[in-house]
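A.B. asks: Structure, please.
(one chain, ligands or ions: 4)
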Amino acid sequence: MSSTSILFLFLFLFPLSSLSHLFSPPDNYLINCGSSAPSTLVDYRHFAGDISSALSPSPSPSHSAVSLADQNPVPGSSPIYHTARVFTSPATYSFPISHQGTHILRLHFHPFHSPNLRLSQAQFHVLANGYVVFSRLQTLYHPNPTILEYLIWVEADKLDIVFVPNKHSKLAFVNAIEVISAPKDLVPPTAHYLTSGNFEPLNKHALQLVYRLTVGGVKVTPFNDSLWRTWIPDDDFFTPTVASEKLYFGGRIKYRFGGASREVGPDNVYNSARLIRSKNDSVPNVNMTWQFPVVGGYKYLVRLHFCDIASISLGLLYFNVYVNGQLALEDLDLSYITNSLASPFYSDFVVDGGDGVLSVAVGPSKRSMAHVIDGILNAVEVMKLNNSYSSLDGDVCADFVIKTWSTGKYTGMLFSLVAAVCIVLSLSIVIRRRLIGSRESVSWSRLPVNLSDNGVKN
Ligand SMILES: *[C@@H]1O[C@H](CO)[C@@H](O)[C@H](O)[C@H]1NC(C)=O
Ligand SMILES: *[C@@H]1O[C@H](CO)[C@@H](O)[C@H](O)[C@H]1NC(C)=O
Ligand SMILES: *[C@@H]1O[C@H](CO)[C@@H](O)[C@H](O)[C@H]1NC(C)=O
Ligand SMILES: *[C@@H]1O[C@H](CO)[C@@H](O)[C@H](O)[C@H]1NC(C)=O
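C.D. replies: Ligands and ions are numbered 1, 2, ... in the order given. Down below sits the predicted model:
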C-alpha cells in the first residue's frame, strides 16, 4: 500500500475533527507484568515490561515475586498474556498519580500452564487504594483472558495496587495492568437514585464494570474506542419483541458540548441501536426489554446511551424508559435535549441489585405517535458500586485482608466476626495506625525451592 493510500485510509477512519478531540490521559500506565520487554497490542498501545522498571512491584522482585513465561503461548494471542508476575506473599504496584480524580484500572488475568505453578489454582485478593476490588477465593478456569475494569477515585499522589495471596494457595498472579486517567465527565458526582432522590458522591465510589453493551451493533474493540474499552453486542440480554428492529447508521455522530462526549461513548457505539417502529396507524403496545444477572447486595450504576439515528426529523420521537420496572425517564424527548438528530445523550441511574437481576425497558409513552419511531436505545453499561466495607467483591475490608495475611487467622473465621472486625477497623483510627505498622512488617518469602528454573525468571 502506498503512503498516500495509507494517509487516505487514516483520514477516512479518523476524520480530522475527531483527531483534534482525541483524549490524551495525563496518567497512562500500561504494564506487561513478568516481562522485561515492551509489547505492542493490535490497538497500537505499548505495554512496558515490569522487570527492572520503575514500576516493578515492591518489595523488590529479586526478593519475592517471580516472573513467569508461558512456554507454549497460544499462537496469535496478545503478547501481554504470554507472561505473568506471580506473588507468594503480598506485593504492591505503586503508580505515581499526577492528576487527582477518577482513574481507569484494568487487570488482565490469563492463567497459563506452567510445569511448576498452577496459576489456575491461585486464590487471592486485589486491593486498590484501600478498596477490595477482587477476591478470587474459588478456583476458576477460563479459556479466554479475564479483563476486570474499575473506576477508582484517587486523591493521593499514588495509586497502590496490592496483590494478597490467600493463606491456602499462597499464590497470586497478574498478566497486565492498565492505570489510565479518566476524562472528567466519565463519572459524574451525582446520579438519580431510583428509589429516591440523588445518589452522591458517585465519583468518590469505586466502580466495577459488569456489562458494557452496544445495542443492535457489532462488538467494538479497544482499537475503535477512545478509552480502549470493549463493547459487546446485546443479543444475549435482549428479549426479542414484535415491532423492534436493529438499525445501523452510516452518517456522522454529532457530539455536542454538554452531551455525551466521544470518551463517554465512541461513534461505533452510537451508530447502532434497537428501536420500536410504528408501521401503521397505531402505536405498538410493547417494550424492548434487557435483563442483566447481577450479584445482589450491591448498588449498581446503570448508564443508558441514546442517540436518535432513526427519526426523519426532530420532534417525532417520545418514549418511556424503565429501570427495574420503575419509570426512570418519562416522555423522553431527545430532540428537545440535543436539538439535533444523531446527537448522543446519556442518563445515569443508581439502583439496588436486589434479587440478582437488573432490567431495562424502553417503550412508547403517551406522547408517542403512529408511523414513526417510538423508542430507541444505543448502549447500556452496568457498574457495581463498592459496598459499606469499601469492597466490590465480598463483605471483607482491605485492612482485614492485610491483617489476616500477617496473622494467618483467616480460615475458620466466622462471617459475622469478619464483619465486626471490619466495622471496628474502619471506625478506629488508633487501630488503623497500628495496622499500618503491621502492614509494613508483612514479610516476604521466596517461592518454594523445589521450583526448577524452567519457565521461571528472576
Ligand atoms: C473498527 O471499526 C471499523 C469501522 O466501524 C471496522 O471496520 C473495523 O473492523 C474495526 N476494527 C477493529 C480492530 O475492531
Ligand atoms: C398494526 O400492526 C400490528 C402488527 O404489526 C397489528 O397488531 C395492529 O392490529 C395493526 N393496527 C392497525 C390499526 O392496523
Ligand atoms: C413496559 O414496562 C413497564 C415497566 O415494567 C410496565 O409498567 C409496562 O406495562 C410495560 N408495557 C408493556 C406494553 O408491556
Ligand atoms: C463506598 O466506600 C466509601 C469509602 O471508601 C464509603 O464512604 C461509601 O459509603 C461506600 N459505598 C456504599 C454504597 O456503601
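A.B. asks: so who does the closest residue to Gly265 other than its chain neighbours touch?
C.D. replies: Once flanking residues are discounted, Gly265 sits nearest to His305: 5.1 Å by C-beta to C-beta, 6 or more residues apart in numbering. All C-beta spots, glycine's among them, are computed from the backbone N, C-alpha and C. Counting by C-beta atoms under 8 Å, 6 or more residues apart in numbering, His305 touches 260, 264-265, 269-270, 344-346, 377-381.
A.B. asks: Report the contact partners of the spatially most distant residue from the centre of the chain.
C.D. replies: Seen from the C-alpha centroid of the chain, the residue lying at the greatest distance (C-alpha atoms, centre = their mean) is Asp281, 43.5 Å away. Contact partners of Asp281, counting by C-beta under 8 Å, 6+ apart, are Ala370, His371.
A.B. asks: and if you look at Tyr255?
C.D. replies: So Tyr255 contacts His21, Ser261, Arg262, Ser343, Pro344 (C-beta under 8 Å, 6+ apart).
A.B. asks: what's across from the residue nearest to Gly265 in the sheet?
C.D. replies: Beta-bridge pairing for His305 (DSSP bridges): Tyr346, Ala379.
A.B. asks: re earlier: buried subset of the contacts of Tyr255, written for ChimeraX?
C.D. replies: Applying 16 or more other C-beta atoms under 10 Å to the contacts of Tyr255 leaves a buried subset, and the ChimeraX line that selects it is:
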select :261,262,343,344
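A.B. asks: Roughly how far does the closest residue to ligand 3 within the stretch 51-200 of the chain sit from ligand 1?
C.D. replies: Proximity of the stretch 51-200 of the chain to ligand 3 (C-beta to the nearest ligand atom) peaks at Leu194, 12.3 Å away. Separation of Leu194 from ligand 1 (C-beta to the nearest ligand atom, to the nearest Å): 34 Å.
A.B. asks: OK, contacts around Asp157?
C.D. replies: Counted by C-beta under 8 Å, 6+ apart, Asp157 has contacts Pro96, Ile97.
A.B. asks: Around ligand 4, pick out the residues from the stretch 301-450 of the chain.
C.D. replies: With C-beta under 6 Å from any ligand atom as the criterion, the stretch 301-450 of the chain meets ligand 4 at residues Leu385, Asn386, Asn387, Ser388, Ser390.
A.B. asks: could you redo the last one with a cut-off of 8 Å?
C.D. replies: Residues of the stretch 301-450 of the chain lying near ligand 4 by C-beta under 8 Å from any ligand atom: Leu385, Asn386, Asn387, Ser388, Tyr389, Ser390.
A.B. asks: now these: which count as buried?
C.D. replies: Buried subset of these (neighbour count, 16+ other C-beta under 10 Å): Leu385, Asn386, Asn387, Tyr389, Ser390.
A.B. asks: for the residues you listed, which one is nearest Thr404?
C.D. replies: Comparing those against Thr404 with C-beta to C-beta places Tyr389 closest, at 13.8 Å.
A.B. asks: Now that closest one: closest residue in space that isn't a chain neighbour?
C.D. replies: Taking C-beta to C-beta, 6+ apart, and ignoring the residues beside it in sequence, Tyr389 has Cys397 as its nearest neighbour in space, at 4.4 Å.
A.B. asks: what about that neighbour, how many neighbours?
C.D. replies: 25 (other C-beta atoms under 10 Å).
A.B. asks: likewise Thr289?
C.D. replies: Thr289: 18 surrounding residues under other C-beta under 10 Å.
A.B. asks: The helix or strand containing it vs ligand 3: in contact?
C.D. replies: Taking DSSP states H and E as the criterion, Thr289 maps to strand 288-293. Yes. Interface with ligand 3: strand 288-293 contributes Thr289 (C-beta under 8 Å from any ligand atom).
A.B. asks: average pLDDT for that strand?
C.D. replies: Strand 288-293 shows a mean pLDDT of 98 in the predicted model.
A.B. asks: Pairing partners for it, with directions?
C.D. replies: Sheet pairing of strand 288-293 (DSSP bridges) gives strand 238-239 (antiparallel), strand 357-364 (antiparallel).
A.B. asks: okay, those strands in CSV with mean pLDDT, distance to Val401 and mean neighbour count next?
C.D. replies: Formatted as CSV, the strands paired with strand 288-293 follow (pLDDT from 0 to 100; distance: least, C-beta to C-beta, whole Å; neighbours: other C-beta atoms under 10 Å):
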stretch, mean pLDDT, distance to Val401, mean neighbour count
strand 238-239, 96, 38, 16
strand 357-364, 98, 28, 22
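A.B. asks: could you dump these to TSV with distance to ligand 1?
C.D. replies: Shown next, in TSV, are the strands paired with strand 288-293 (distance: least, C-beta to the nearest ligand atom, whole Å):
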stretch	distance to ligand 1
strand 238-239	21
strand 357-364	24
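A.B. asks: could I get the ones you listed as CSV with distance to His125?
C.D. replies: Putting the strands paired with strand 288-293 into CSV (distance: least, C-beta to C-beta, whole Å) gives the following:
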stretch, distance to His125
strand 238-239, 35
strand 357-364, 26
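A.B. asks: Figure out how far stretch 37-54 is from the centre of its chain.
C.D. replies: On the basis of C-alpha atoms, centre = their mean, to the nearest Å, stretch 37-54 sits 21 Å off its chain's mean C-alpha point.
A.B. asks: Count the neighbours of Asn166 for me.
C.D. replies: Using other C-beta under 10 Å: Asn166 sits among 20 other residues.
A.B. asks: Show the contacting residues for it.
C.D. replies: So Asn166 contacts Gln123, Phe124, His125, Leu137, Tyr410 (C-beta under 8 Å, 6+ apart).
A.B. asks: Nearest residue to the second one in space, ignoring adjacent ones along the chain?
C.D. replies: With C-beta to C-beta, 6+ apart as the criterion, Phe124 has its nearest non-adjacent residue at 3.4 Å, and that residue is Ala172.
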